[in-house]
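Student: Provide a 3D model corresponding to the input given below.
(chains A and B)
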Amino acid sequence: KQEVTQIPAALSVPEGENLVLNCSFTDSAIYNLQWFRQDPGKGLTSLLLIQSSQREQTSGRLNASLDKSSGRSTLYIAASQPGDSATYLCAVASGTYKYIFGTGTRLKVLA
Amino acid sequence: GAVVSQHPSRVICKSGTSVKIECRSLDFQATTMFWYRQFPKQSLMLMATSNEGSKATYEQGVEKDKFLINHASLTLSTLTVTSAHPEDSSFYICSANREPYEQYFGPGTRLTVT
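Tutor: Okay, here's the model as predicted:
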């Protein structure tokens, strides 16, 4: 059974810092891994999607890497801003394409 | 990009009543849709896989008689919470699968049972 864990559970950093969020999964047989952002009381915003054959994806200040063999992914946020404050979720798709979500990291960027 | 809508976005109902939530893929056909539930300050938990033209597949621990899923067409899946109770209050999110590997999420429905 696929299990997805995210570390840290919560993170508070001053504005401008570069930071790394971690995601680990127990079953390496995945189709893809996706990082989402969720603001309080809102739905999901897709940030980056990495297919199983890819090693990383970049969008603006965000970079996500995937190491299937070790069951890990990282989301790197450069020059963090207060507007980046949200909960970040990673999710892995395997088997019948259903996503298994991680436990989430609550990020707060202080001005 | 592809769009998935949910209706309603918020609903308040009385204990013992039933509530229907719709999930629509607006610009693509989805043979498979998924329903998730999210309790406050927790992550999303998969409830069931909705397959067009066949019965839904429920995850372990999810009561199929309480959470009725109907995937009547390639663009619509509905989740009916029957005899709702306060503990069913949650954020319900659906997603739709666009072949081969893309999945798009709806904006979610906030259910409050009083």
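Student: Contact partners for B:Thr32?
Tutor: B:Thr32 makes contacts with A:Thr96, A:Tyr97, B:Thr49, B:Ser50, B:Asn51, B:Glu52, B:Ala96, B:Asn97, as judged by C-beta atoms under 8 Å, 6 or more residues apart in numbering or on different chains. Where you see a C-beta, it was placed from the backbone N, CA and C, and this is true even at glycine.
Student: Which strands border the least confident helix or strand in chain B by mean pLDDT, and is each parallel or antiparallel?
Tutor: When the helices and strands of chain B are scored by mean pLDDT, DSSP states H and E, strand B:102-105 comes last with a mean of 86. The strands beside strand B:102-105 in its sheet (DSSP bridges) come out as strand B:90-98 (antiparallel).
Student: contacts for the strand it pairs with?
Tutor: The contact list for strand B:90-98 (C-beta under 8 Å, 6+ apart) reads A:43-44, A:97, A:99, B:2, B:4, B:6, B:21, B:23, B:25, B:28-39, B:44, B:77, B:79, B:103-111.
Student: again with stretch B:55-73
Tutor: Outside stretch B:55-73, the residues touching it (C-beta under 8 Å, 6+ apart) are B:33, B:35, B:45-54, B:77-83, B:88.
Student: run the last query once more with 6 Å
Tutor: Identification of contacts with stretch B:55-73 by C-beta atoms under 6 Å, 6 or more residues apart in numbering or on different chains yields B:Leu46, B:Met47, B:Ala48, B:Thr49, B:Ser50, B:Asn51, B:Glu52, B:Ser77, B:Thr78, B:Leu79, B:Thr80, B:Thr82.
Student: list the contacts for residue 75?
Tutor: No chain specified, so I'll use chain A. Per C-beta under 6 Å, 6+ apart, neighbours of A:Leu75: A:Leu21, A:Trp35, A:Ala64.
Student: ah, I was thinking of chain B
Tutor: So B:Thr75 contacts B:Arg24, B:Ser25 (C-beta under 6 Å, 6+ apart).
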